[in-house]
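Peer 1: Got a sequence here, can you build the structure:
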Amino acid sequence: MEAKSSVPLSEVELPVDGVRFKHFIALNSSQTCVGDEHALPFNNQIRGVNLGGWMVLEPWITPSLFYQFLGGNETTTAFDTSTFCKVLGPKEANRQLRQHWEAWVTEDIVRKLAYSGAVNSLRLPVGDYMYTPYGPYATREEGVACFDGALEYVDQLLDWAYAYGLTVLIDIHAIKDSQNGFDNSGQAMGMSWTTDLNSDFSDSITFEHWPIRSAAWMGEFDPDTASYPEINYENIEHALDVVSKIAKMYGNHRAVLGLEPVNEPWQFTPIEELKNFYWEGYLRVKKHAPYWKYIMHDSFRLDPNIWGGFMDGCPERALDTHIYQAWRDPDSRIGFYNDACGTKGILAEIERTFGPVIVGEWSLATDNCAMWLNGFNDNLPGFPRLPCKYIKCSAPYMGDGQPGAPVDPTKPMQGPFGTGMSGPIFGLCPVGRDWLKESSGDPQTGHDWVRAPPEAPRHLDDTDNVMRHLAEKKINAFSGVGHGFYFWNFRTDMDEPYWSYMLALERGWIPNGNLGDDRITNACYHEDRGDFKCILKKEVNPDGVRGAVKFILDAENRTNSDEGQEILSTPDGDDFDDIADGLIQQYFAEYRSTGATCDFGGIAMLVEENRTIDSNDKEYSWLDDDEYFPSVVYRGPSTVELILIIILASIFGSLIGFIVAMRTSKHFNRRVRESSWFKPLSKSNSKVLRSSLGLPELANYDELEQLVDDDERNSNKIS
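Peer 2: Here you go, the predicted model:
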């Protein structure tokens, strides 16, 4: 625990295993600290964006840089930063990278972000290869290495940030031999070319990645046991040396907020080894940059049982977690709203048990449609969950002369092909789906979202409304409980406002200026009050219902109780569904604040509790009617209504035709008047009726009949 004594730190007796730093004493045996003088408390909320795709390449962020590899093969295709340098060679890769660095992050962009009033910090992903080159980064061609000049651009960015009042969190995004197997680690680990295996069916070039993904930073991964039998301490020391170099290099730069020693180490990373790495990295940072923040990623394990008490008492350290909805199953707007606000529970628990937590990456995407989001010409099995919207592929952001860009509009999807499909087709590229205005009258089931076309007709497009509310709720959750956030990403090559902070600002999804206004601070009002309940859907698979009940009973240690056994012995049917519905509602109500979601394998859904709201209630004065009560689009009459309309229209049309014929055809007029059914009407005294039907005045009635007879006789003579 922290020392509470007022005795100066320099006079505090040094424990046996203690190491004295400028503002605290580190205890190696327990990986905790004492004597924290709170020299630089973490009192300010972070409102930031990531500068992704700049120093660590990701094809989905800057596809214009990777169009040149379409149609390639095993030796001519690049998937990530490492293969970009290897395939193009150091000289050509560096030439293209310098154009990329020059265009992707500019002073004008930094100025706009600062002047938006919605950004106070930048998270800068960098690669370890920029500081200690290895492999394709160390190879030189005519004296040129792939990443030559990169550090000069970093220096320039730091100066811009300082000039415009922004801080910068340096994030070591790419680590030697990959910490997660993603392309964002610098190397998509676990790649196998499968062209020969598929040659009987196709002459396409094919590869496999996701089913065999691996990560070798901490050693050779054993997929059978999902573990690391041996740890590669040489790689770990390499990463720690990079941490030291960065701290020494930028320790005195006034724009630097701190360091994140590794981004997204995957969930199979040995947790104790990772904690040891974090601890040693922290000590190295504090040695050279005593005022820096030290941000540690949760390794996709945001669990208070793992992080609670870790590095207790150590100043300026925080936990980073990444929260996305893009990989969720399709859902209603209400489902996404509740999920966003529901993150408050786990964030609050981490703040209580560990300390400061930030959401280092998040976006507004609610689908997986962004082209190459899961890798160049690849996709995760089963993704995207719904058809995607296609738009014209963007012109190259770096200007003319970029090889392969713009994409050729005359060509269909080109290889090489991965285990999933994603790529340009005849000059069109997939992007995120639109949100439609509701048509069913019930926005809670998600069925409108499933049935809707990916591109909304303009008069039915509700995307701006849904995204604005979703952004407000996420900002409310991430900054209202935690210590802030960094949006991923600051921009995208494609027109993708779901992933581009700057485009989201332009669309009004994220407000310029103060992010603490009532719309944001009260955005989760309904969710925080528990105005929603989780209920069982109708006509769902009985096995799914029973699985949900079993999950709840197991989670509450009730499976083996008499009550639990009695519930499980109930046969499938309405009675069991009623029991399940009650259990689901109770479980969600009790545990939603700690992260429980209303899903249960897809058999449950959120609905709004019935309540009466006084229109004068000031608590609701800031709410929009379109947030939870969206306007229902009238899609036309029902079948019965349509039949009645047709019948009435036929009757009305016949009546109009009859009146016109009576007024224009003397012969038709007389024949009608001579009919037995019409004679009573022909003697009517009503002037309106007689005028409408072309009937003569009663005084001239006999004279008119004589004239009609004469006309008929003349017609017969002529014929």
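Peer 1: element containing residue 173?
Peer 2: Element membership for residue 173 (DSSP states H and E) is strand 167-174.
Peer 1: Within the sheet, what are the partner strands of that strand, with directions?
Peer 2: strand 121-127 (parallel), strand 256-260 (parallel) (DSSP bridges).
Peer 1: And the contacts of that strand?
Peer 2: Residues from elsewhere that reach strand 167-174, judged by C-beta atoms under 8 Å, 6 or more residues apart in numbering: 48, 50, 55-56, 81, 120-129, 157-158, 161, 184-187, 239, 242-243, 246, 250, 255-263, 293, 295, 360, 486. C-betas here are computed from N, CA, C, even on glycine.
Peer 1: quick one: average pLDDT of that strand?
Peer 2: Regarding strand 167-174, the rounded mean pLDDT is 98.
Peer 1: strands paired with the helix or strand that it is followed by, and their directions?
Peer 2: Once the chain leaves strand 167-174, the next helix or strand it forms, by DSSP H and E, is strand 192-193. Here strand 192-193 has these sheet partners by DSSP bridges: strand 207-208 (antiparallel).
Peer 1: and the contacts of strand 167-174, which are buried?
Peer 2: The neighbour count (16 or more other C-beta atoms under 10 Å) marks 48, 50, 55-56, 81, 120-129, 157-158, 161, 184-187, 239, 242-243, 246, 250, 255-263, 293, 295, 360, 486 as buried among the contacts of strand 167-174.
Peer 1: now the residue positioned nearest the centre of the chain: how far from residue 662?
Peer 2: Of all residues in the chain, the one closest to the mean position by C-alpha atoms, centre = their mean is residue 365, 2.2 Å from it. Per C-beta to C-beta, to the nearest Å, residue 365 is found 66 Å from residue 662.
Peer 1: do the same with residue 311
Peer 2: Taking C-beta to C-beta, one finds residue 311 at 97 Å from residue 662.
Peer 1: How about residue 428?
Peer 2: Separation of residue 428 from residue 662 (C-beta to C-beta): 60 Å.
Peer 1: Neighbour count for these two, which is higher?
Peer 2: Between residue 428 and residue 662, residue 662 has the larger neighbour count (other C-beta atoms under 10 Å), namely 18 against 15.
Peer 1: Thought residue 416 was touching residue 73, still the case?
Peer 2: Yes: between residue 73 and residue 416 there is a contact under C-beta atoms under 8 Å: 6.7 Å.
Peer 1: Of these two, which one has the most company?
Peer 2: Taking other C-beta under 10 Å, residue 73 and residue 416 do not tie; residue 416 has more neighbours (23 against 13).
Peer 1: pLDDT score assigned to that one?
Peer 2: 96.
Peer 1: With residue 209 instead?
Peer 2: 93.
Peer 1: The residue nearest to the centre of the chain contacts residue 498, doesn't it?
Peer 2: Yes: the criterion here is C-beta under 8 Å, and residue 365 meets it with residue 498 at 4.0 Å.
Peer 1: Report the set of residues contacting both of the two.
Peer 2: Shared contacts of residue 365 and residue 498 (C-beta under 8 Å, 6+ apart): 326, 432.
Peer 1: Just the element for residue 334, please.
Peer 2: Following DSSP H and E, the helix or strand that holds residue 334 is helix 333-353.
Peer 1: can you map out the helices along the stretch 351-500 of the chain?
Peer 2: With DSSP state H, counting those that start in this stretch as the criterion, the stretch 351-500 of the chain has helices at 447-451, 463-480.
Peer 1: Buried deepest among these, which one?
Peer 2: Mean neighbour count (mean count of other C-beta atoms under 10 Å) peaks for helix 463-480 among the helices of the stretch 351-500 of the chain, with a mean of 23.
Peer 1: Look at the closest residue to residue 29 other than its chain neighbours and report its pLDDT.
Peer 2: Nearest residue to residue 29, sequence neighbours excluded (C-beta to C-beta, 6 or more residues apart in numbering): residue 17, at 4.5 Å. Note on residue 17: pLDDT of 83.
Peer 1: Does residue 17 touch residue 27 like I think?
Peer 2: Yes: using C-beta under 8 Å, residue 17 makes contact with residue 27 at a distance of 5.8 Å.
Peer 1: and the longest helix for the chain?
Peer 2: With secondary structure taken from DSSP state H, the chain has its longest helix at helix 639-664.
Peer 1: what about it, distance to the chain center?
Peer 2: Taking the mean of its C-alpha atoms, helix 639-664 sits 53 Å from the chain's own mean (C-alpha atoms, centre = their mean, to the nearest Å).
Peer 1: swap in stretch 196-212?
Peer 2: Remark: stretch 196-212 is offset 30 Å from the chain centroid, using C-alpha atoms, centre = their mean.
Peer 1: now swap in stretch 472-481 and tell me
Peer 2: Counting by C-alpha atoms, centre = their mean, stretch 472-481 comes out at 15 Å from the chain centroid.
Peer 1: And stretch 313-330, what's buried?
Peer 2: Residues of stretch 313-330 classed as buried by neighbour count (16+ other C-beta under 10 Å): 313-323, 325-326, 328, 330.
Peer 1: One more: stretch 22-42?
Peer 2: For stretch 22-42, a neighbour-count test (16+ other C-beta under 10 Å) marks 23, 24, 25, 26, 27, 31, 32, 33, 34, 35, 36, 42 as buried.
Peer 1: List just the nearest of the residues you listed to residue 197.
Peer 2: For those, the residue nearest residue 197 by C-beta to C-beta is residue 31; the value is 47.8 Å.
Peer 1: Spatially nearest residue to that closest one (excluding sequence neighbours)?
Peer 2: Residue 31's closest residue in space is residue 279 (C-beta to C-beta, 6+ apart), at 4.7 Å.
Peer 1: ditto for residue 148
Peer 2: With C-beta to C-beta, 6+ apart as the criterion, residue 148 has its nearest non-adjacent residue at 5.5 Å, and that residue is residue 94.
Peer 1: Mind checking the pLDDT average for the strand or helix carrying that neighbour?
Peer 2: Element membership for residue 94, per DSSP H and E: helix 90-104. The average pLDDT for helix 90-104 rounds to 98.
Peer 1: Report all helices and strands that it contacts.
Peer 2: If you count contacts as 3 or more C-beta pairs under 8 Å, 6 or more residues apart in numbering; DSSP states H and E, helix 90-104 packs onto helix 81-88, strand 140-141, strand 144-145, helix 150-163.
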